[in-house]
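> Got a predicted model here, sequence first, then my questions.
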Amino acid sequence: LSQLLPRAMLATPNLPEAQQLAGETDLERAGQQLVASGCPNVLITGTHDDTEQVCNHLFRTDDHHHQWQWPRLPGSFHGSGCTLAAACAALLGQGVALDDALQQAQAYVDAALRHAWRAGSGQWIPDRRRHDN
């Protein structure tokens, strides 16, 4: 943790991962602790919560705290967090500003999950092809 986070521009843990990494159960304290550990931007995702909306929280070194809410889709998904992290990395690598990259990446994941496919009776898999809606 102390070696990796200071080298990252952005971390995208889900809430259980953030709690374990930070050693904190409270969302706010976990986000603040991860930022204090050296990562300037931490997006904690709410995919594992049991709420009607998925609420993602951004914590930054400048104490800016922003959140996004997305409708929780029915079913269980595999790969949503990896899809989000990869989309963020791709957009940031293209020079997209952080706030815009986060918005675009989350919208991309929402579309990928709405168009997800399922092999057999397992979890739904994000369809990572481009979708206009």
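Yep, that arrived. Numbers count the residues shown, from 1 in each chain.

> what about the helices in this structure?
15-22, 27-36, 80-93, 98-114 (DSSP state H).

> Any chance of these in JSON lines with mean neighbour count and distance to G122 as columns?
Quick note: C-beta positions are derived from backbone N, CA and C, even for glycine. JSON lines is the format used below for the helices of the chain (neighbours: other CB atoms under 10 Å; distance: least, CB to CB, whole Å):
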{"stretch": "helix 15-22", "mean neighbour count": "18", "distance to G122": "21"}
{"stretch": "helix 27-36", "mean neighbour count": "19", "distance to G122": "29"}
{"stretch": "helix 80-93", "mean neighbour count": "18", "distance to G122": "14"}
{"stretch": "helix 98-114", "mean neighbour count": "19", "distance to G122": "15"}
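
> Determine which of those approaches H64 most closely.
helix 98-114 (9.4 Å; CB to CB).

> and the closest one, how far from the chain's centre?
Relative to its chain's centre, helix 98-114 lies at 9 Å (CA atoms, centre = their mean, to the nearest Å).

> helices or strands next to it in the packing?
Here helix 98-114 touches strand 65-71, helix 80-93, going by 3 or more CB pairs under 8 Å, 6 or more residues apart in numbering; DSSP states H and E.

> Which of those has the lowest mean pLDDT?
In terms of average pLDDT, strand 65-71 trails the rest of the helices and strands packed on helix 98-114, at a mean of 92.

> Need the pLDDT of the residue lying farthest from the centre of the chain.
Going by CA atoms, centre = their mean, the residue of the chain most distant from its centre is G120, 26.6 Å out. As predicted, G120 sits at a pLDDT of 88.

> circling back: what's the closest of the helices of the chain to P71?
Comparing these by CB to CB, helix 98-114 comes nearest, at 8.1 Å.

> Include distance to S2 when you put the helices of the chain into JSON lines, please.
Output for the helices of the chain, formatted as JSON lines (distance: least, CB to CB, whole Å):
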{"stretch": "helix 15-22", "distance to S2": "11"}
{"stretch": "helix 27-36", "distance to S2": "11"}
{"stretch": "helix 80-93", "distance to S2": "20"}
{"stretch": "helix 98-114", "distance to S2": "23"}
